[in-house]
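Participant: Give me the fold of what follows.
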Amino acid sequence: MKTWIYAIGIAIVLKAGAAYAQERLAHNLDQPAQSNAQIKQLKQTASSAADYTQIAAYYAAKQQNYQKKADEEKIEWQHRSSNIVSIAAKYPRPVDSARNLYDYYSAKAAEMGQLESVYMSKADAAKLERK
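Facilitator: Predicted coordinates:
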């Protein structure tokens, strides 16, 4: 009987994991189209406006991803802020962890936005230079 219950539990977990993996692949939630190594190589060899635009698009996708994570953590931070129990709670409290993650993701989104604007300005300069 226990074996049967374990088998059903494992099947449910595996099915849920497969559905989650398919969703992540379908929505491409993990990374932009290019990898870090590809972008690093492209940054070294970039000379045209199209190259710089591709790099800027990569950073725009990363910025959007970090901003989405920051928004999720802000909601979690607000949720955890409403449930603070004791002033004598040990640090880091769950509310502190959510706030720290929100700050981190917000800072990374801002950094990616700055990199995007740098490479967009390089793309604009390459377009003007080509003319």
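
Participant: how far out from the middle of the chain is the host helix or strand of residue 76?
Facilitator: Per DSSP states H and E, residue 76 falls inside helix 49-81. When distances are taken as Cα atoms, centre = their mean, to the nearest Å, helix 49-81 is centred 6 Å away from the chain's centroid.

Participant: Could I get the buried residue list for stretch 71-88?
Facilitator: 73, 74, 76, 77, 80 (16 or more other Cβ atoms under 10 Å). Just so you know, the C-beta spots here come from the backbone N, C-alpha and C atoms, and that holds for glycine as well.

Participant: So among those residues, where is pLDDT lowest?
Facilitator: In terms of pLDDT, the least confident member of the buried residues of stretch 71-88 is residue 80, at 87.

Participant: From what I see, that residue and residue 98 are in contact.
Facilitator: Yes: counting by Cβ atoms under 8 Å, residue 80 touches residue 98, with 5.1 Å between them.

Participant: what's the overlap in contacts for these two?
Facilitator: With contacts defined as Cβ atoms under 8 Å, 6 or more residues apart in numbering, no residue is shared by residue 80 and residue 98.

Participant: hmm, back to that, show the subsequent helix or strand relative to the helix holding residue 76.
Facilitator: Following helix 49-81 in sequence, per DSSP H and E, is helix 94-130.
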